[in-house]
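Colleague: From the sequence below, what's the structure:
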Amino acid sequence: MSKQISAIYEDGVIRPLEPPGLTEGEELDVVLLPRRKQRAKSAAQILAEIAALPLEGQQDAFSGVEHDSVLYKEDEP
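Modeller: Residues are numbered from 1 along each chain as shown. All right, here's what the predicted structure looks like:
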């Protein structure tokens, strides 16, 4: 069973930030994945980043603005 937990490196020791749920003397393989420190972003910055993401899937010309003028098959002349 594998488990990912958060830890901090202090005074030459890697210290878990939560109980790891291990038995005393249990041997482990440890993989270190350092985190980049990120400064807090405002809601406006986050929304701007989301808006800049590329669109996925099929793109069509329907913008939603012309919603009331869309003709359905049964409405066509």
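Colleague: hey, let's count contacts and neighbours off CA atoms from now on
Modeller: OK.
Colleague: could you measure Pro19 against Lys3, distance?
Modeller: Here the criterion is Cα to Cα, to the nearest Å. By it, Pro19 lies 12 Å from Lys3.
Colleague: Those two: which is more packed in?
Modeller: For Pro19 versus Lys3, neighbours defined as other Cα atoms under 10 Å are more numerous around Pro19 (9 against 6).
Colleague: Name the SS class of Ile50, please.
Modeller: Under DSSP: H, G, I helix; E, B strand; the rest coil, Ile50 falls in the helix class.
Colleague: Kindly report the same for Lys3.
Modeller: Assignment for Lys3 (three-state DSSP): coil.
Colleague: mind checking the backbone torsions on it?
Modeller: Lys3 adopts backbone torsions of phi -150, psi 140, taken as degrees, to the nearest 10.
Colleague: anything in contact with each of Pro19 and Lys3?
Modeller: When Cα atoms under 8 Å, 6 or more residues apart in numbering defines a contact, no residue borders Pro19 and Lys3 alike.
Colleague: Can you pull the poorly scored residue ranges out of the chain?
Modeller: 59-77 (pLDDT under 70).
Colleague: Which stretches in it count as strands?
Modeller: 7-10, 13-16 (DSSP state E).
Colleague: Arg15: how many residues sit nearby?
Modeller: The burial count for Arg15: 13, using other Cα under 10 Å.
Colleague: Please apply the same query to the one 5 residues further on.
Modeller: In terms of burial, Pro20 registers 12 neighbours under the definition other Cα under 10 Å.
Colleague: same check, this time on Ala7
Modeller: Neighbours of Ala7 using other Cα under 10 Å come to 15.
Colleague: Ok, Pro16 next?
Modeller: Pro16 has 12 nearby residues by other Cα under 10 Å.
Colleague: Is it bridged to anything, and to what?
Modeller: Pro16 has these beta-bridge partners by DSSP bridges: Ala7.
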